[in-house]
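> What follows is a predicted protein model with its sequence.
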Amino acid sequence: MPFEASRLSWCVFHVVGTAGIGNGVDDVWSYGRMGVPLSFVISGFIVPLSMDLAGHKISGYFRFIARRVVRLEPPYFVTIAFILISGVALAHIPQLNTSHPPYTVTNVLLHIGYVNAFVGQPWLSGPFWTLAIEFQYYVVIGLLFPILVSSRTAGLAMLGGFAALSIVSTGYVEFLPPHLSVFGTGILTFMF
């Protein structure tokens, strides 16, 4: 039944979007571009809140990172496996007129720990860059959380530094600094 509902929604989407009978679909889908920044704002709020409720101290940093790895990596690796398997399988269907995907062992291995973001290798799936940013945020917030909660002045100074880094590093979108002000919006909400 859910599969039938998804087929129906897909058909309705195309009919409404291409038949000139309304712009409602475009209006709804236009908000999709805000999904990633919104998820970063939510992480900016939820992660410090959960750290605060758990009484996070710097001594628990590696435990915090390990818990984040356990949360992110399994679905990430399953998705990578699915991409690789489906890419090879689709390349063997002559009617599709596709070639083998351009994956290399090096590129695939660099996805472990999101290292490919740092060495200029392409992502196996475009949205993976957001996981790299999220993980970089975990590394930073795990270290800086004690400063954030030590005093409001220290926390605000840290957020000011985040804003400054966001401004001066706008060309490096696969790295955390351009996104710090977005996470900072959530952190600011947590603080107040």
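That came through, no problem.
> Chain neighbours aside, what residue packs nearest to the spatially most central residue of the chain?
Against the mean C-alpha coordinate of the chain, by C-alpha atoms, centre = their mean, the closest residue is Thr130 at 2.5 Å. Spatial nearest neighbour of Thr130, chain neighbours left out: Val36 (5.5 Å); criterion: C-beta to C-beta, 6 or more residues apart in numbering. In short, each C-beta sits where N, CA and C put it, glycine included.
> what ranges do the helices span in this structure?
Taking DSSP state H as the test, the helices found in the chain are 2-18, 24-29, 35-53, 61-91, 105-110, 116-119, 128-150, 152-168, 180-191.
> Tell me the buried residues in the longest one?
Residues 64, 68, 76, 79-80, 83 are the ones in helix 61-91 that count as buried (16 or more other C-beta atoms under 10 Å).
> Find the least confident helix or strand in this structure, judged by mean pLDDT.
helix 2-18 (a mean of 54; mean pLDDT, DSSP states H and E).
> that older thread, burial measure for the residue nearest to Thr130, as a count.
The local packing count at Val36 equals 16, with neighbours defined by other C-beta atoms under 10 Å.
> Please work out how many residues are found near Ile187.
Taking other C-beta under 10 Å as the neighbour definition, Ile187 ends up with a count of 27.
> now it: how far from Leu159?
Summarising the geometry, the distance separating Ile187 from Leu159, computed by C-beta to C-beta, to the nearest Å, is 6 Å.
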